[in-house]
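**Student:** What follows is a predicted protein model with its sequence.
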Amino acid sequence: MSQEEKIPSKDIIQSGLWGNNPALVQLLGLCPLLAVSNTFINGLALGLATTCVLAGSNASVSLVRNYIPKEIRIPIFVMMIASFVTNVGLLMNAYTYDLFLTLGIFIPLIVTNCAIIGRAEAFASKNKFLPSLLDGVMQGIGFTLVLCTLGALRELVGQGTLFYGAEQLLGDWASSLTLSFYLTDSKFLFAILPPGAFVFLGLLIAGKNYIDKRNEEKSKTQILEKTSSPVEVIASEQN
């Protein structure tokens, strides 16, 4: 791919949300993904923080890509990412302090998230501003969707609730958003602890692979129907 090749926005969106999802396909950023996604709100908060950093770093790298020597590009990228992470951390410290304490070290560790550095190197350093910004947003949303799905599954199975702790992110009014599906004297620790995260993530990856395989088979069938006669299609299905 040449540096100035124009990539359709549709392809960038599909790649970030599904085809090249950083969590389900690239398997990047697994440390915070598995450690923080014990509730929906925790996953959503970390996902939003990561999306902001991804969008900002991609856009910034794209703007200065022609002025950075290739020999020192990675350290420069890390410094730029660290500046965005610092700003996000300060904002969370100011407005969502309890959630900031809950996420703890995983906020500053966004700096070392391979998904962010990887997109800066693989995409933003080779493309213009708007495609790079769109790529950062879509990759971040794709990562956030996996975090939220994983967090919702672990929270629901582990403690029978959904949206627990929403007031930490949205304010006191959001305490009424918590849903309780069943009451239990003790939590199902396997789902809440990291081993459960591995299992649920494996199920999500398996589900994605299954859907991709079904779509691929469906596409092959449609192509066969367009290029073959009815007799040949019937014979192919029988075989």
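**Tutor:** Alright, I've got the coordinates. Numbering: from 1, shown residues only.

**Student:** Tell me where this structure has strands.
**Tutor:** For the chain, applying DSSP state E gives strands covering 161-162, 179-180.

**Student:** Minimum distance to residue 20: which of those has it?
**Tutor:** Minimum separation from residue 20 across the strands of the chain (Cβ to Cβ) falls at strand 161-162, 28.9 Å. C-beta coordinates here come from the backbone N, C-alpha and C atoms, glycine included.

**Student:** hmm, back to that, generate TSV for the strands of the chain, with distance to residue 151 as supplementary columns.
**Tutor:** Putting the strands of the chain into TSV (distance: least, Cβ to Cβ, whole Å) gives the following:
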stretch	distance to residue 151
strand 161-162	9
strand 179-180	14
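
**Student:** Let me know which of those strands is tucked in deepest.
**Tutor:** Among those, strand 161-162 has the highest mean neighbour count (mean count of other Cβ atoms under 10 Å), at a mean of 18.

**Student:** what does stretch 56-68 contact?
**Tutor:** Contacts to stretch 56-68, defined as Cβ atoms under 8 Å, 6 or more residues apart in numbering, come from residues 76-77, 80-81, 84, 116, 119-120, 123-129, 131-133, 135-136.

**Student:** could you flag which of these are buried?
**Tutor:** Buried subset of the contacts of stretch 56-68 (neighbour count, 16 or more other Cβ atoms under 10 Å): 77, 80-81, 84, 116, 119-120, 123-127, 131-133, 135-136.

**Student:** What about the spatially closest residue to residue 188 that is not a sequence neighbour, how many residues nearby?
**Tutor:** Nearest residue to residue 188, sequence neighbours excluded (Cβ to Cβ, 6 or more residues apart in numbering): residue 158, at 4.8 Å. Using other Cβ atoms under 10 Å, the number of residues around residue 158 comes to 19.

**Student:** Which of the buried ones among the contacts of stretch 56-68 fall in helices?
**Tutor:** 77, 80-81, 84, 116, 119-120, 131-133, 135-136 (DSSP state H).

**Student:** roughly how far apart are the nearest residue to residue 129 once chain neighbours are set aside and residue 120?
**Tutor:** Spatially, and ignoring its direct neighbours in sequence, residue 129 is nearest to residue 62 (4.9 Å; Cβ to Cβ, 6+ apart). Shown here: residue 62 relative to residue 120, a distance of 9 Å by Cβ to Cβ, to the nearest Å.

**Student:** what comes up buried for the longest helix seen in the chain?
**Tutor:** Counting by DSSP H, the longest helix found in the chain is helix 194-227. Of all the residues in helix 194-227, those buried under the rule 16+ other Cβ under 10 Å are 196-197, 200-201, 204-205, 208.

**Student:** And it, what does it pack against?
**Tutor:** Counting contacts by 3 or more Cβ pairs under 8 Å, 6 or more residues apart in numbering; DSSP states H and E, helix 194-227 packs against helix 30-36, helix 129-159, helix 230-238.

**Student:** make it 10 Å
**Tutor:** For helix 194-227, the elements it packs on are helix 30-36, helix 129-159, helix 189-192, helix 230-238, judged by 3 or more Cβ pairs under 10 Å, 6 or more residues apart in numbering; DSSP states H and E.

**Student:** Thank you kindly, that will do.
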